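> sequence and predicted structure below; questions after.
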Amino acid sequence: MTCSARCWMPRLAALAIAAISLTGCATVTSEPRIVTVCPPVVEYSRDFQARAADELDLLPDGSAIAEMLSDYAVLRNQAQACLRNS
């Protein structure tokens with residue numbers, strides 16, 4: 001017996017219905033969850049900040065420590081922005 005395209009239609013319809021029905025059973029989405037983890041930002045008292053500023057003033061121009069503190073300030077700003085946006 002030869003099967004024409006017409007005899008496959010009920011099988012394809014049943015397969016489509018089964019596939020659609022099974023997608024309703026999915027409990028997780030296909031989209032991955034992105035979890036943002038922000039680093040903690042240490043709070044310094046005004047007295048401590050003033051003491052650090054005084055010590056920074058004592059360093060020679062072009063000091064490596066002054067450059068590192070500048071980089072640290074950028075990281076702190078980024079961490080604070082991360083906390084605000086999460």
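That came through fine.
> dihedrals phi and psi, Pro39?
Backbone torsions of Pro39, given as degrees, to the nearest 10, read phi -70, psi 150.
> so how far is Leu15 from it?
For Pro39, the distance to Leu15 equals 51 Å [C-beta to C-beta, to the nearest Å]. Backbone N, C-alpha and C define where each C-beta goes, glycine included.
> tell me where this structure has helices.
5-23, 46-58, 64-85 (DSSP state H).
> make TSV out of those helices and add mean neighbour count, mean pLDDT and distance to Pro32.
Below are these laid out as TSV (neighbours: other C-beta atoms under 10 Å; pLDDT from 0 to 100; distance: least, C-beta to C-beta, whole Å):
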stretch	mean neighbour count	mean pLDDT	distance to Pro32
helix 5-23	9	71	18
helix 46-58	10	95	41
helix 64-85	11	92	19
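> could you dump these into TSV with distance to Glu31 added?
Shown next, in TSV, are those (distance: least, C-beta to C-beta, whole Å):
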stretch	distance to Glu31
helix 5-23	15
helix 46-58	43
helix 64-85	20
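> nearest to Ile34, of those helices?
With distances scored as C-beta to C-beta, the stretch of those nearest to Ile34 is helix 64-85 (12.6 Å).
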